[in-house]
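Novice: sequence and predicted structure, then a few things I'm wondering about:
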Amino acid sequence: MDKYRKLLSNTLIFAIGTFSSKALVFLLMPLYTHVLTTAEYGVTNTIVDMGNLLIPLITLGIINAIIRFGLEKETRKSDVFSTGFAVILLGTLLLLCLQPVLTDLLSPLMVLMDMDPQNISRNLLLLIAFSFMSAMRSLCHQFVRARGMVKLFAVNGIVSTALTILFNVLYLVTFRWGVMGYIMAIITADFCSVIFLFVCADLHKFLHFRGLNLKVSKAMLRYALPLIPNTIFWWVTNISDRFMVAGFLGQDFNGLYVAAYKIPSVIILLAGIFSDAWQMSAFTEKKGRDRFFTKVFVTYSSFLFMAAAGVILFARVIIRVLVSNEYYPCWEYVPILVVATVFTCMVDFLGTIYMTEKKSMHSMLTAAVGAGINILLNLQWIPLYGVNGAAMATLASYMMVFVIRAVDTRRYVRIRFSWLRILVNFVLVMGESLLMIREVPLWPLWTALVTLLLLLLNLKYVFSGLQQILHRRQQQ
């Protein structure tokens with residue numbers, strides 16, 4: 001099958017399953033913002049963020065190796081799945097043994113985050129349960145995708161979405177469990193997803209610890225271990241601003257910032273659908289990679305800037321529909337976060353090259369640069385500019401990492417970047433953001449005109465990419 005056709009086909013299938021699960025961000029926001037106060041919403045996301053930090057530690061980053069090694073034809077699938085399962089199980093058991101030590105270490109952080117340190121033991125158990133089930137769900141998802149079972153992947157996404165909504169309503173509305181209900185809904189839905197995939201994909205048949213090829217396990221760990229700090233560095237870049245906002249300004253402002261962060265997720269939602277399919281194509285395509293990667297990047301980046309302009313234009317309307325009045329002031333933080341999201345997605349695209357070439361050390365080092373810049377700018381800009389200072393720090397760090405990766409990855413794949421096109425798009429979306437934030441006279445008109453200009457500049461690249469895909473399909 002033609003590589004462009006395969007990419008389009010996989011993207012459409014992943015869209016079916018991924019869209020429903022990613023859309024939860026928007027489907028459940030009205031529920032969260034009506035049931036939880038801004039402070040409670042900030043606390044729940046803090047717990048989830050801390051859980052996401054634990055995942056690479058208890059898994060030794062092995063999740064990143066599942067899709068990479070699972071797609072290799074010469075590697076036995078049972079070796080890949082059994083290695084991932086064993087590492088996650090042993091890491092979780094070790095974490096449970098270290099619970100008393102972690103309790104002492106996290107108590108000062110709880111106080112800094114304006115959280116009740118007396119609940120740390122309960123919250124830590126929730127953290128461990130959340131991390132374990134999230135890791136197991138990721139293991140099963142990635143392995144099913146590596147086996148090419150994309151339709152099952154899509155069906156599971158729909159089932160998981162329905163279950164997550166059900167458990168959220170049950171725990172938050174019926175039982176009124178508050179913060180604990182928020183976390184328990186995620187844990188329960190992940191558990192059901194794991195069971196569903198084990199049954200439908202016969203995953204138990206791939207658990208063979210006797211006769212396990214240790215060479216494969218060692219190769220997976222060599223690839224995955226450098227990605228532990230890589231994941232942590234990205235966690236710092238994405239999440240540290242929330243901790244610092246809570247520390248400098250309080251959980252109420254953190255709750256508003258978290259709510260604002262959900263709006264750019266519409267772009268991450270669409271980009272994530274494409275990314276799942278793109279990884280499979282990037283790993284398996286060897287011929288004509290320079291032209292293939294360049295064509296896909298031009299189309300992809302053009303779409304990102306168009307989507308960003310549209311989200312910024314309708315940001316206030318989206319906020320008004322999705323959240324309660326208590327959260328409405330968060331609209332002011334959305335535009336800058338949307339622009340940051342564009343560069344986040346482009347950085348992830350270039351990260352695929354490192355994954356393809358198994359250059360996890362390069363991925364780690366560039367992520368470290370981004371994390372360092374983010375922390376330094378957060379410390380300086382949050383006290384000066386408030387919540388938007390955190391948004392600007394995130395944007396600056398991702399822009400720097402994008403430039404570094406664009407230069408560094410040319411040693412593996414020579415993507416031809418049109419820097420002038422990227423710069424013009426960036427200036428336009430930033431101009432649109434400032435027009436909205438500062439509420440200049442007739443700002444809705446000016447932002448609409450900027451959006452129209454961005455569409456005119458980028459539509460031809462998107463149409464060109466789609467035309468090439470459709471033309472090649474007709475030739476088949």
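Specialist: Good, I have the coordinates. Residues are numbered from 1 along each chain as shown.

Novice: list the contacts for the nearest residue to residue 303 once chain neighbours are set aside?
Specialist: Closest residue to residue 303 apart from its sequence neighbours, by C-beta to C-beta, 6 or more residues apart in numbering: residue 462 at 5.5 Å. The way it works is simple: take the backbone N, C-alpha and C, and place the C-beta from them, glycine included. Contact partners of residue 462, counting by C-beta atoms under 8 Å, 6 or more residues apart in numbering, are 299, 302-303, 306.

Novice: now do the helix or strand harbouring residue 139, average pLDDT.
Specialist: If you go by DSSP states H and E, residue 139 is part of helix 120-146. Averaged over helix 120-146, pLDDT sits at 87.

Novice: ditto for stretch 168-182
Specialist: Taken as a whole, stretch 168-182 carries a mean pLDDT of 90.

Novice: what lies in contact with it?
Specialist: Contact with stretch 168-182 is made by 28, 31-32, 35-36, 40, 43-44, 47, 122, 126, 184-185, as judged by C-beta under 8 Å, 6+ apart.

Novice: just the buried members of these?
Specialist: 28, 32, 35-36, 40, 43-44, 47, 126, 184-185 (16 or more other C-beta atoms under 10 Å).

Novice: what's in contact with stretch 401-409?
Specialist: Stretch 401-409 is contacted by residues 343, 346-347, 350-351, 353-354, 362, 366-367, 369-370, 415, 417 when judged by C-beta under 8 Å, 6+ apart.

Novice: nearest to residue 58 among those residues?
Specialist: Distance to residue 58 across the contacts of stretch 401-409 (C-beta to C-beta) is lowest for residue 367, with 19.4 Å.

Novice: spell out the secondary structure type for residue 367.
Specialist: Judged by DSSP: H, G, I helix; E, B strand; the rest coil, the three-state class of residue 367 is helix.

Novice: what's the neighbour count on it?
Specialist: Residue 367 has 25 neighbouring residues, counting by other C-beta atoms under 10 Å.

Novice: one more: residue 341?
Specialist: Counted with other C-beta under 10 Å, residue 341 comes out at 25.

Novice: now do residue 76
Specialist: So residue 76, with other C-beta under 10 Å, has 16 neighbours.

Novice: I'd say it and residue 213 touch.
Specialist: Yes - in this structure, residue 76 is within contact of residue 213 by C-beta atoms under 8 Å, at 6.4 Å.

Novice: pLDDT on the helix or strand where residue 462 lies, on average?
Specialist: Using DSSP H and E, residue 462 falls within helix 443-475. Taken as a whole, helix 443-475 has a mean pLDDT of 78.

Novice: quick one: which helix or strand includes the nearest residue to residue 307 once chain neighbours are set aside?
Specialist: In space, and not counting its chain neighbours, residue 307 is closest to residue 267: 5.1 Å by C-beta to C-beta, 6+ apart. Element membership for residue 267 (DSSP H and E) is helix 265-284.

Novice: show the subsequent helix or strand relative to that helix.
Specialist: With DSSP H and E, the next secondary element past helix 265-284 is helix 289-313.

Novice: does that next one pack against any helices or strands, and if so which?
Specialist: Secondary-structure packing of helix 289-313 (3 or more C-beta pairs under 8 Å, 6 or more residues apart in numbering; DSSP states H and E): helix 265-284, helix 334-356, helix 419-437, helix 443-475.

Novice: looking at those, which is closest to residue 64?
Specialist: Taking the helices and strands packed on helix 289-313 one by one with C-beta to C-beta, helix 334-356 is closest: 7.6 Å.

Novice: report the mean confidence score over the closest one.
Specialist: Helix 334-356 shows a mean pLDDT of 90.

Novice: domain-wise, how is the protein divided?
Specialist: 1-225, 227-476 (automatic domain parsing).

Novice: so what's the residue count around residue 48?
Specialist: For residue 48, using other C-beta under 10 Å, the count is 19.

Novice: any idea how far residue 269 is from it?
Specialist: According to C-beta to C-beta, to the nearest Å, residue 48 stands 17 Å off from residue 269.

Novice: ok, now residue 98?
Specialist: Following C-beta to C-beta, the distance that separates residue 98 from residue 269 is 35 Å.

Novice: quick one, which of the two is more surrounded?
Specialist: Counted by other C-beta under 10 Å, residue 98 and residue 269 do not tie: residue 269 has more neighbours, with 19 against 12.

Novice: which strands and helices lie in contact with the host helix or strand of residue 252?
Specialist: Under the criterion of DSSP H and E, residue 252 resides in helix 251-262. Packing partners of helix 251-262 (3+ C-beta pairs under 8 Å, 6+ apart): helix 29-35, helix 38-59, helix 227-249, helix 334-356, helix 387-408.

Novice: just the C-alphas of the first one, formatted as PDB.
Specialist: The one in question is helix 29-35. What follows is helix 29-35, C-alpha atoms only, in PDB (Å, rounded to 0.1, in the frame of the first residue of the first chain):
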ATOM      1  CA  MET A  29     -15.400  20.200  31.700                       C
ATOM      2  CA  PRO A  30     -19.000  21.500  32.400                       C
ATOM      3  CA  LEU A  31     -19.300  18.700  35.000                       C
ATOM      4  CA  TYR A  32     -16.000  19.400  36.700                       C
ATOM      5  CA  THR A  33     -16.400  23.100  36.800                       C
ATOM      6  CA  HIS A  34     -19.900  22.900  38.300                       C
ATOM      7  CA  VAL A  35     -19.100  20.100  40.900                       C
END
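
Novice: distance from it to the middle of the chain?
Specialist: Relative to its parent chain, helix 29-35 has a centroid offset of 22 Å by C-alpha atoms, centre = their mean, to the nearest Å.
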